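Asks: turn this into a model:
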Amino acid sequence: MEIDLGGNCLRRFIIPAVDFRATDYICLIDWQPCNVTPPTVLGHISYHELLKMIQDDVPMDGRDFIKFPSYTQAVERIVKLVTEASRKRVGSQNRDGFIRATLESRKQMSQSSPKKITKIALS
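Replies: Next up, the predicted model:
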């Protein structure tokens, strides 16, 4: 449902029904009847402009995203990671696997801090 407020649209979020008998997590919610909207970070970028950026391999570092109160460095890393995955992998399963593997690798790297090794070597 959209409410027009003098040129601005307000979308009311309605929680979709969950299918608890689903055998895969992507089947939990049937998104077909839902009006899915783009994330607010990408709200000012058109679909065609975003597709062209991915196809032309435009670097995301110089892209000026709107700053939101909840916008953090973690969000920026995820946006870059998803963009990189979109360029490298075709298909949702390949893209999901790439993102999960990258995040797991980063998690393992953060657990083995080089500072601990340096302190032991200097003592």
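Asks: so what's Ser105 up against?
Replies: Ser105 sits next to no residue when contact means Cβ atoms under 8 Å, 6 or more residues apart in numbering. Heads up, the C-betas are built off the backbone N, CA and C, glycines and all.
Asks: let's number from 347 now, not from 1
Replies: In the new numbering, first residue 347, that becomes Ser451.
Asks: buried stuff in the helix or strand harbouring it?
Replies: In this structure, Ser451 sits in helix 438-457 according to DSSP states H and E. The neighbour-count check on helix 438-457 (16 or more other Cβ atoms under 10 Å) flags 441, 444-445 as buried.
Asks: got the CA positions of that helix in PDB?
Replies: Extracted as PDB, the C-alpha positions of helix 438-457 are listed here (Å, rounded to 0.1, in the frame of the first residue of the first chain):
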ATOM      1  CA  SER A 438      21.600 -16.500  -6.900                       C
ATOM      2  CA  GLN A 439      23.200 -19.800  -5.500                       C
ATOM      3  CA  ASN A 440      26.700 -19.000  -6.800                       C
ATOM      4  CA  ARG A 441      26.400 -15.400  -5.500                       C
ATOM      5  CA  ASP A 442      25.200 -16.500  -2.100                       C
ATOM      6  CA  GLY A 443      28.000 -19.000  -1.800                       C
ATOM      7  CA  PHE A 444      30.600 -16.400  -2.800                       C
ATOM      8  CA  ILE A 445      29.300 -14.000  -0.100                       C
ATOM      9  CA  ARG A 446      29.200 -16.600   2.600                       C
ATOM     10  CA  ALA A 447      32.700 -17.800   1.800                       C
ATOM     11  CA  THR A 448      34.100 -14.300   1.800                       C
ATOM     12  CA  LEU A 449      32.400 -13.500   5.200                       C
ATOM     13  CA  GLU A 450      33.600 -16.700   6.700                       C
ATOM     14  CA  SER A 451      37.200 -16.000   5.500                       C
ATOM     15  CA  ARG A 452      37.000 -12.500   7.000                       C
ATOM     16  CA  LYS A 453      35.800 -13.900  10.300                       C
ATOM     17  CA  GLN A 454      38.600 -16.400  10.500                       C
ATOM     18  CA  MET A 455      41.200 -13.700   9.600                       C
ATOM     19  CA  SER A 456      39.900 -11.500  12.400                       C
ATOM     20  CA  GLN A 457      40.200 -14.300  14.900                       C
END
